[in-house]
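Peer 1: What follows is a predicted protein model with its sequence.
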Amino acid sequence: MSRRKGLSHEEKRKKMMELFYERKDFFQLKELEKIAPKEKGVISQAVKDVVQSLVDDSMVDTDKIGTCVYFWAFPSKAISTRKRKIDDLNGRLQEMTKKLKTSLSKLEQVKVGREECEGREQVLERLSQLESTKVQLMKEIQKYHDCDPEVLNQMKEDCKVAQAAANRWTENIYSVKSWCKNKFFIEEEVLNKQFNIPEELDYI
């Protein structure tokens with residue numbers, strides 16, 4: 001007979017949050033160490049570390065009353081926290097979208113000549129930074145995909161707008177490169193190197 005596989009740390013965290021949400025009460029650590037093994041299968045020896053990790057992540061509240069330390073977590077706070085996080089990410093994504101549009105406008109104003117080329121190089125460097133930030137924001141958003149369907153649907157639409165803006169920007173870069181190649185007979189590799197254009201630059 002094979003031994004039953006124990007819960008992972010993340011699974012223990014989820015089980016403890018279920019306990020708090022279902023009970024909707026305040027607990028001392030000793031109480032949790034007795035309840036958790038029976039109701040959620042989290043061994044008593046692991047309860048302290050699991051609860052502390054949840055406190056560190058602001059998922060569980062704690063306070064000392066007299067000589068006793070109490071822990072609690074209510075579903076309403078979790079929902080509110082997640083919505084605030086999603087709203088914050090939405091705001092940052094919209095800000096990045098505006099910056100993309102602004103940078104695109106600057107790129108369209110670039111003219112032929114040394115000074116304009118230096119300006120274009122700065123814009124391309126900014127593009128790389130914004131694309132990196134966008135990737136990080138998208139990863140953060142994905143962590144909360146199961147929190148609020150209505151908000152997430154709106155976020156998906158915002159992502160489409162940001163993606164379209166980034167692709168328009170990419171199209172303009174290709175157009176500028178094509179113009180330079182035809183006008184000055186410069187190899188694409190030389191252009192990429194001179195203006196720090198990533199070789200892997202492509203549509204999103």
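Peer 2: Looks like it came in fine. Numbers count the residues shown, from 1 in each chain.
Peer 1: How many neighbouring residues does residue 47 have?
Peer 2: Neighbour count for residue 47, taken as other Cβ atoms under 10 Å: 23. (Glycine included, C-beta is placed from N, CA and C.)
Peer 1: Now do the contacts for it.
Peer 2: 16, 29, 32, 33, 36 (Cβ atoms under 8 Å, 6 or more residues apart in numbering).
Peer 1: Look at the residue nearest to it when sequence neighbours are not counted and say how many residues are nearby.
Peer 2: Leaving aside its chain neighbours, residue 47 sits nearest to residue 33 (4.7 Å; criterion: Cβ to Cβ, 6 or more residues apart in numbering). Residue crowding around residue 33 was assessed by other Cβ under 10 Å; the count is 18.
Peer 1: where along this protein do the helices fall?
Peer 2: Applying DSSP state H to the chain gives helices spanning 9-23, 29-40, 44-56, 75-108, 114-142, 149-184, 188-194.
Peer 1: Name the surrounding residues that touch the first one.
Peer 2: The one in question is helix 9-23. Under Cβ under 8 Å, 6+ apart, the answer for helix 9-23 is 7, 27, 32, 35-36, 39-42, 46-47, 50-51, 53-54, 59-60, 71-75, 78.
Peer 1: now do the second one
Peer 2: Contacts to helix 29-40, defined as Cβ under 8 Å, 6+ apart, come from residues 15-16, 18-19, 23, 27, 42-44, 47-48, 51, 69, 71.
Peer 1: Please save the CA atoms from it in PDB.
Peer 2: The C-alpha trace of helix 29-40 is given here as PDB (Å, rounded to 0.1, in the frame of the first residue of the first chain):
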ATOM      1  CA  LEU A  29      -2.300  29.400  17.100                       C
ATOM      2  CA  LYS A  30      -3.000  26.500  19.400                       C
ATOM      3  CA  GLU A  31      -6.600  26.400  18.200                       C
ATOM      4  CA  LEU A  32      -5.500  26.300  14.600                       C
ATOM      5  CA  GLU A  33      -3.000  23.500  15.300                       C
ATOM      6  CA  LYS A  34      -5.900  21.400  16.600                       C
ATOM      7  CA  ILE A  35      -8.500  22.300  14.000                       C
ATOM      8  CA  ALA A  36      -6.400  22.200  10.800                       C
ATOM      9  CA  PRO A  37      -5.400  18.600  10.900                       C
ATOM     10  CA  LYS A  38      -8.900  17.400  11.500                       C
ATOM     11  CA  GLU A  39     -10.700  19.700   9.000                       C
ATOM     12  CA  LYS A  40      -8.100  20.400   6.300                       C
END
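Peer 1: What separation do you get for residue 201 and residue 21?
Peer 2: 46 Å (Cβ to Cβ, to the nearest Å).
Peer 1: Apart from its chain neighbours, what residue comes closest to the residue nearest the centre of the chain?
Peer 2: The centroid of the chain falls nearest to residue 140 when counting by Cα atoms, centre = their mean (1.4 Å). Leaving aside its sequence neighbours, residue 140 sits nearest to residue 89 (Cβ to Cβ, 6+ apart; 5.5 Å).
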